[in-house]
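> no sequence on this one, just coordinates:
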Ligand SMILES: Cc1ccc2cc(C(N)=O)cc(O)c2n1
């Protein structure tokens, strides 16, 4: 019997490793058919020996039946929104406000720059390395418990890939629907005479707010982490960029376009380059997010009421409506 148990554990570890290679490193090292074969083998074993099933087994991604409603979750650390910039001048004024508060030269300022994903912000809590709860941002203080739906998203690990997981780690990120998943969903909806979604952001929101996880599971949703909320039992790197790399190293997907920029000129060129790449990314973005990279500086700058002083979203002009 425990020979079977070892076989299950071995399969789980192998499947988690290949999920990491595929979803986080974008570098699958076995063909999909091989992955599917192992997954089916594990499903078969767990079906024959249900007492061997563990909550974090790669097979346990779909909730049994629909919920009647969503429970509420209170964010221990508020999930804040970002202040906006709509021009270079706005961005330079943002940087000047920072300089006025901490006398530092603009060329010395390092920014962590990323595309601003047009999806929904979520909070995902791992306790001792296991995914235990997930919630929408909601109003920043209170969100909806969407744990069962989040567990169906393939690039979100049910277990962190580390021997020494933090006691508690809250991953904050954006859930979005790539263009391919959006077109596929609307084609199916049209064929079934159901309502179609106006844009991928609405489709992602509708998919996450499904009470039936079996429906969510069929939608092509992707997480890209952008930050950390609660963290206990581990000492974090002292820059934002290094923290994102750490998240990636323990199995959390991070956007591949994120870059460090030294000084305002490099930041503005990042903004333009991402603006040019916008139509080829395969997913919707509505600007860039530009953050002071040094955590100690972030903490010195703090927050203005709802938004951090140390970060700004520099938006693109509204895109002419996508014709679907
Ligand atoms: C602090 C914060 C809040 C919202 C965010 C939203 C995004 C985004 N939509 O990609 C990226 C970030 O780095 C964010 N950072």
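Yep, that arrived. Computed from a prediction, not measured in an experiment: that's the story for all the values here.

> Give me the helices and strands touching whichever strand in the chain runs longest, please.
Longest strand in the chain by number of residues (criterion: DSSP state E): strand 222-232. Here strand 222-232 touches strand 110-117, strand 120-127, strand 168-176, helix 240-249, going by 3 or more C-beta pairs under 8 Å, 6 or more residues apart in numbering; DSSP states H and E. C-beta: built from backbone N, CA, C; applies to glycine.

> Adding distance to residue 309, mean neighbour count and mean pLDDT as columns, could you present these in TSV?
Listed next are the helices and strands packed on strand 222-232 as TSV, based on distance: least, C-beta to C-beta, whole Å; neighbours: other C-beta atoms under 10 Å; pLDDT from 0 to 100:
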stretch	distance to residue 309	mean neighbour count	mean pLDDT
strand 110-117	14	24	98
strand 120-127	19	22	98
strand 168-176	18	23	98
helix 240-249	14	19	98
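
> Turn these into CSV, columns for distance to residue 49.
Shown next, in CSV, are the helices and strands packed on strand 222-232 (distance: least, C-beta to C-beta, whole Å):
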stretch, distance to residue 49
strand 110-117, 41
strand 120-127, 26
strand 168-176, 31
helix 240-249, 33
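
> what mean pLDDT does stretch 292-303 have?
The average pLDDT within stretch 292-303 is 93.

> typo on my end, it should be stretch 128-138
Stretch 128-138 comes out at a mean pLDDT of 97.

> Local confidence estimate at residue 309?
Note on residue 309: pLDDT of 87.

> Residue 84 versus that one, what's the distance?
Residue 309 sits 14 Å away from residue 84, going by C-beta to C-beta, to the nearest Å.

> Can you give me the buried ones in the longest strand of the chain?
222-231 (16 or more other C-beta atoms under 10 Å).

> which of the residues you listed lies closest to the ligand?
Comparing the buried residues of strand 222-232 against the ligand with C-beta to the nearest ligand atom picks out residue 226 as the nearest, at 3.4 Å.

> Partner strands of the helix or strand of the chain with the lowest mean pLDDT and their direction?
Least confident helix or strand, the chain: strand 303-304 with a mean of 80, by mean pLDDT, DSSP states H and E. Using DSSP bridges, strand 303-304 pairs in its sheet with strand 307-308 (antiparallel).

> Fine, thanks again, bye for now.
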